[in-house]
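Student: output the structure for:
(chains A and B)
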There are 2 protein chains.
Amino acid sequence: MSDFDLIGHDDVADLARGAAVLGTGGGGDPYIGRVMAEQAIRRHGPVRVVQLADVPDDALVVPVGMMGAPAVMVEKLPAGHEPARAVAALAEVLGRTPTHVACVEAGGVNSMIPITAAAELGLPLIDGDGMGRAFPELQMMLPTLEGVAATPMALTDEKGNSLVLRTVDNRWGERLARPATVEMGASAATAIYPMDGAQAKRGLVPGTLGVARDLGARLARARREHADPVAEAVAALGGFELLRGKVVDVSRRTTGGFVRGRAGLEGTGEWAGHTLALGFQNEHLVAERDGAVVASTPDLICVLDAETGEPVTTEAMRYGFRVAVLGIPCHPRWRTDEGLDLVGPRYFGYDHDFVPVERLV
Amino acid sequence: MSDFDLIGHDDVADLARGAAVLGTGGGGDPYIGRVMAEQAIRRHGPVRVVQLADVPDDALVVPVGMMGAPAVMVEKLPAGHEPARAVAALAEVLGRTPTHVACVEAGGVNSMIPITAAAELGLPLIDGDGMGRAFPELQMMLPTLEGVAATPMALTDEKGNSLVLRTVDNRWGERLARPATVEMGASAATAIYPMDGAQAKRGLVPGTLGVARDLGARLARARREHADPVAEAVAALGGFELLRGKVVDVSRRTTGGFVRGRAGLEGTGEWAGHTLALGFQNEHLVAERDGAVVASTPDLICVLDAETGEPVTTEAMRYGFRVAVLGIPCHPRWRTDEGLDLVGPRYFGYDHDFVPVERLV
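Tutor: Model (predicted):
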């Protein structure tokens, strides 16, 4: 991605679409994310992008994102300044000004929030993120596996409230930040996992923004050219088509600051006669085809509109939608024992061990 | 209280007992508070007491206490260092070292916690508190009526987690601190309402510690001399006996970080044939005798063991206890329109206006 050194207004739509695919159903709605980032770039100018390998070891890198149930962000739009205020609140307790902003995760909103913060603060944005996908809880970042502390972290809301946390470990960060997020209206901006450049290079996944922008552009082109966008996504991400079909059942509730639920699909076309069940908590976590697990966290389970290739978030999914479900290998560090302790199926209460998607399909 | 310039080991028992009476059923168990304060004084020496009038206008005063359901503190003892750590966390964001510690409220634990913090930090303790009694929510301090902000405030737990809040108003402080307190195990130490000496002189109630110590000593003496401790308390506090009798019914649950419930009493002796119902949320809020309100928040409703004069907290009250219930006029600032907006009966969901206890009985 050597040509990717600036995010301008016209890059945002592709980037938001591609990032929402990587968001595996969570990470926020691409339309809202797009509007916010475009507005920030119009106001403050394009955002400079720095490749992870070029970040100095003594940099102060601050990942930024929104915490909370993505469904809520549709109704309660962030005011726009709270991500930058979260960075400022964290900078105050660190006693140092951050040199780089990064993405906590990939997602339609959470790849955009760091753009708005970087634009407003005049800081460069790192091409990378903390997960290579999206996950629902804050300790679920690859830097946790490198021993990087999530705290001090800051949370801010659109009303002007802020909170700085210091916790004994990253799971305690999740435990204390989540109820505050709920009180703040089920979504809040966070600046978290402050780290130096050396830690960022070990901890973050490189190139996510470039991958997202290219994927978003390929999906848009396929749509324009009446090609198959699903096949484009499979080719771009090196994944597997798990099913195409119709959504016949969705149960979903927003509880404890998360959206949780299940969706049932019936295959159509060459998948006729097959069914697929999806389990999610903000993000898709398990896909069972005809009763057998065919993909499971931490591998990516992505749902696309079968016609347009637009990513479908867990809160947007509705009865009757025609979708394709993809399974995509996750970052290899998630597949270690330590990674699976954090984000494997058993952590989320599923009664099976992780098996790589490429062995299941 | 010109003679009250030092709290030594032998002052603590009386102080804890008297403060628990003023705690109106909340503010924590006097036995636990006593043990903690005695331990701190044994370790660090006596605590210097400063009268409110003698605090310099440019002092930095930090009220300290425990937030949470007092019932929990009986099972989950504070480790001892978290109040001092809360002050330190607050000092860090203030960029200044506090000059004085104060009590957020009167109570068996919450008049003791500031002693432990003052002892550990080597700071003087102000003879006074923020309520002249105890109340369940953090915005319910008289300094709120003087426009003093509750935040920045710090919360710490015994595990080593800490949280600093900045909120747009004091009720938002309560909304964001309460769920964190619940996650911290339903009790946490707080350093809150940082203020200068001039604000403290306007905002705090002077002399509470002296009143509590003298009351505690009178109750102990009455017990030794087989006199009537209840009559002593009534005389000391200028209050009214509302009923003596037996607890015949208690319903209580710990929910949302509070202990809430009702207790029913049947009169004995000269009160035979009368009943009294108490409603509480951490503290006693309303007393109805024979179906009519005879005392209500913000006036103090205090329950004493009829034999020993020991204060009975809302979580210690049990079927069969022989108790006396007192009604005592609150600090006059609570009786203003602004005070009643914060802590009047309607705020707590009762369908009656406040009438002073001296007019009701």
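Student: neighbours of the residue in the stretch 151-300 of chain A positioned nearest to chain B, how many?
Tutor: In the stretch 151-300 of chain A, the residue that lies nearest chain B is residue A:179 (3.4 Å; C-beta to the nearest C-beta). C-beta: built from backbone N, CA, C; applies to glycine. If you count neighbours by other C-beta atoms under 10 Å in any protein chain shown, residue A:179 ends up with 18.
Student: quick one, phi/psi of it?
Tutor: phi -60, psi -30 (degrees, to the nearest 10).
Student: same deal with residue A:81?
Tutor: Dihedral angles (degrees, to the nearest 10) for residue A:81: phi -90, psi -10.
Student: now do residue A:144
Tutor: Dihedral angles (degrees, to the nearest 10) for residue A:144: phi -60, psi -40.
Student: contact partners for it?
Tutor: A:150, A:170, A:342 (C-beta atoms under 8 Å, 6 or more residues apart in numbering or on different chains).
Student: outline the domain layout of chain A.
Tutor: What automatic domain parsing lists as the domains of chain A is A:6-208, A:227-360.
Student: which non-adjacent residue is nearest the residue lying farthest from the centre of chain A?
Tutor: The C-alpha centroid of chain A is most remote from residue A:273, which lies 32.2 Å away (C-alpha atoms, centre = their mean). Nearest-residue entry for residue A:273: residue A:267, 6.4 Å, with adjacent residues in sequence omitted and distances by C-beta to C-beta, 6 or more residues apart in numbering or on different chains.
Student: okay, now the one you found: neighbour count?
Tutor: Residue A:267: 19 neighbours (other C-beta under 10 Å).
Student: what bridges to it?
Tutor: Assessed by DSSP bridges, residue A:267 has beta-bridge partners residue A:245.
Student: how about residue A:302?
Tutor: Applying DSSP bridges, one finds that residue A:302 bridges with residue A:326.
Student: next up, the contacts around it.
Tutor: A:21-22, A:24-25, A:233, A:237, A:239, A:284, A:311, A:325-326, A:328.
Student: change it to 7 Å
Tutor: Counting by C-beta atoms under 7 Å, 6 or more residues apart in numbering or on different chains, residue A:302 makes contact with A:21, A:24, A:311, A:326, A:328.
Student: what residues are up against residue A:86?
Tutor: A:64, A:154-156, A:189-191 are the contacts of residue A:86 under C-beta under 7 Å, 6+ apart.
Student: what helix or strand is it located in?
Tutor: helix A:82-94 (DSSP states H and E).
Student: same thing with residue A:165?
Tutor: Using DSSP H and E, residue A:165 falls in strand A:162-166.
Student: and for residue A:287?
Tutor: strand A:283-289.
Student: next structured bit after that strand?
Tutor: strand A:292-296.
Student: give the buried residues for that following strand.
Tutor: A:293-296 (16 or more other C-beta atoms under 10 Å in any protein chain shown).
Student: among these, which pair sits farthest apart?
Tutor: Spatial extent of those (C-beta to C-beta) is set by the pair A:294 and A:296 at 8.3 Å.
Student: which of the residues in the helix holding residue A:86 are buried?
Tutor: A:82-93.
Student: remind me which residues of the stretch 51-200 of chain A are low pLDDT?
Tutor: A:69-79, A:186 (pLDDT under 70).
Student: again, only using 90
Tutor: A:67-82, A:107-109, A:158, A:179, A:182-187 (pLDDT under 90).
Student: up against chain B, what does it have?
Tutor: A:93, A:159-168, A:172, A:175-176, A:179-180, A:182-183 (C-beta under 7 Å from any C-beta of the partner chain).
Student: just the buried ones out of those residues, please.
Tutor: Using 16+ other C-beta under 10 Å, the buried ones in those are A:93, A:161-167, A:172, A:175-176, A:179-180, A:182-183.
Student: hang on, the earlier thing: the helix or strand following the helix holding residue A:86 packs against which elements?
Tutor: Remark: after helix A:82-94, the chain's next helix or strand is strand A:100-103, criterion DSSP H and E. Counting contacts by 3 or more C-beta pairs under 7 Å, 6 or more residues apart in numbering or on different chains; DSSP states H and E, strand A:100-103 packs against strand A:60-68, helix A:113-121, strand A:125-129.
Student: show me the contacts for whichever residue of the stretch 1-150 of chain A sits closest to chain B.
Tutor: Distance from chain B to each residue of the stretch 1-150 of chain A (C-beta to the nearest C-beta) is smallest for residue A:93, at 6.9 Å. Residue A:93 makes contact with A:152, A:164, B:93, according to C-beta under 7 Å, 6+ apart.
Student: and which of those is nearest to residue A:196?
Tutor: Looking at the contacts of residue A:93 and their distance to residue A:196, the nearest is residue A:152, at 14.4 Å (C-beta to C-beta).
Student: let's see the distance spanning stretch A:104-123 from one end to the other.
Tutor: For stretch A:104-123, the separation between the terminal residues is 16 Å (C-alpha to C-alpha, to the nearest Å).
Student: what of stretch A:153-163?
Tutor: 8 Å.
Student: what angle separates whichever strand or helix holds residue A:223 from helix A:113-121?
Tutor: According to DSSP H and E, residue A:223 maps onto helix A:208-224. Going by axes from the mean of the first three to the mean of the last three C-alpha atoms, to 10 degrees, helix A:208-224 is angled at 120 degrees with respect to helix A:113-121.
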